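Asks: how would this look folded up:
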Amino acid sequence: MDQKQVLKQMIDFNKAAYNNTFNAFVMLQDQAESLSNTLLTQATWLPQEGKKAIEELVKNCKTGRETFKKSVDESFKKVEEFF
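Replies: Next comes the predicted model:
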């Protein structure tokens, strides 16, 4: 088997493993967001500033997640172009 073909298979495997793990992580974060939204609507004792802080945290997590995904996808693309 050609070395380039073996490396391509390794890259494809790592990319698939990353995508599966990332998708599971996204589902976990989405579930946590859903839970926090439910808690925020039911927590009448929590001040509005606290609710806004939690909403901002969720928004920042999503933004960071998308930035990270884009960066890793670009890196995989560069590696694939190299081979």
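Asks: report the buried residues of the helix or strand containing N23.
Replies: With the criterion set as DSSP states H and E, the secondary-structure element containing N23 is helix 3-42. By neighbour count on 16 or more other C-beta atoms under 10 Å, the buried set for helix 3-42 is 15, 33, 36. All C-beta spots, glycine's among them, are computed from the backbone N, C-alpha and C.
Asks: would you check that K15 makes contact with F22?
Replies: No. The criterion here is C-beta atoms under 8 Å, and K15 misses it with F22 at 10.3 Å.
Asks: next SSE downstream of the helix holding N23?
Replies: Under the assignment DSSP H and E, the closest C-terminal helix or strand after helix 3-42 is helix 48-82.
Asks: thinking again about what came up before, need the buried residues of helix 3-42 in CSV (columns: distance to E74 and pLDDT).
Replies: Written out in CSV, the entries for the buried residues of helix 3-42 read as follows (distance: C-beta to C-beta, whole Å; pLDDT from 0 to 100):
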residue, distance to E74, pLDDT
K15, 12, 96
E33, 26, 92
S36, 30, 89
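Asks: which single one of those is nearest to V6?
Replies: Distance to V6, by C-beta to C-beta, is smallest for K15 among the buried residues of helix 3-42, at 15.0 Å.
Asks: ok now do the residue nearest to the closest one when sequence neighbours are not counted, which residues does it touch?
Replies: Here the nearest residue to K15 in space, its sequence neighbours aside, is F76; by C-beta to C-beta, 6 or more residues apart in numbering that works out to 5.1 Å. Residues in contact with F76, defined by C-beta atoms under 8 Å, 6 or more residues apart in numbering, are 11, 15, 18.
Asks: which one of the residues you listed is nearest Q48?
Replies: For these, the residue nearest Q48 by C-beta to C-beta is Y18; the value is 38.9 Å.
Asks: now that closest one: how far from L40?
Replies: Between Y18 and L40 the computed distance is 32 Å (C-beta to C-beta, to the nearest Å).
Asks: same question, M27
Replies: If you measure M27 against L40 using C-beta to C-beta, the figure is 20 Å.
Asks: what sits against the spatially most central residue of the chain?
Replies: Against the mean C-alpha coordinate of the chain, by C-alpha atoms, centre = their mean, the closest residue is R65 at 4.1 Å. Counting by C-beta under 8 Å, 6+ apart, R65 makes contact with 25-26, 29.
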